[in-house]
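J.: Here's my sequence, what's the structure:
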Amino acid sequence: MQTELKLKEDNLLEKKVGIVNAEMPFWKRISIYSTFLVIAFFLGLFSMWLSERETVQQRDAARINLRMITMENRLASAIIKVRRGEYESARIAAGNFFTDLRAEINRKDTAFNAKQLEAVKPILAQRDELIDLLAQKDPSIGDRLAELYLTFADVN
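T.: Down below sits the predicted model:
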């Protein structure tokens, strides 16, 4: 009687909890485990793709920022060198600024928007005149370069 009652309780428990006496076949367990592993792999892959995408965007923004800061520093360097009387090195620094500015304007992923591009073109138009004044060691070039620097800084 007691064993019969125990069997009924076990049977009820098995139905209630979902315990099955027959073991699942090996191939079915492997397919379920494989499915979970593939799902986990793709979830990890997706999260890595999202973080990589965000990192690439941050890297591109940093590169653009670096290009702009480099141009600004080259122009500032030219101003400082003119103030010190080093016209040849100032000419080289100003030439590098204008070369970088032209390259930035011609880039397809330029840091300038349409309004900024229109504001930067007059700066580029002054290139030959400013380089000539630097080559002639004209003392007034320092003020012209300072005005150019302020104009360029306002564009950014």
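J.: Could you use CA atoms for every contact and neighbour count after this?
T.: Will do.
J.: Run the chain-centre distance for stretch 75-87.
T.: Averaging C-alpha positions (CA atoms, centre = their mean, to the nearest Å) puts stretch 75-87 32 Å from its chain's average.
J.: likewise stretch 24-36?
T.: Taking CA atoms, centre = their mean, the mean C-alpha location of stretch 24-36 is offset from the chain mean by 43 Å.
J.: Can you give me the buried ones in that stretch?
T.: By 16 or more other CA atoms under 10 Å, stretch 24-36 has no buried positions at all.
J.: what is the mean pLDDT for that stretch?
T.: For stretch 24-36, mean pLDDT is 89.
J.: same deal with stretch 101-118?
T.: Averaged over stretch 101-118, pLDDT sits at 90.
J.: Pull the number of nearby residues for Ile141.
T.: By the criterion of other CA atoms under 10 Å, Ile141 has 20 neighbours.
J.: Look up how far Lys108 lies from it.
T.: Note on Ile141: its distance to Lys108, by CA to CA, to the nearest Å, is 32 Å.
J.: Can you classify Glu23 as helix, strand or coil?
T.: Secondary structure, DSSP: H, G, I helix; E, B strand; the rest coil: Glu23 is coil.
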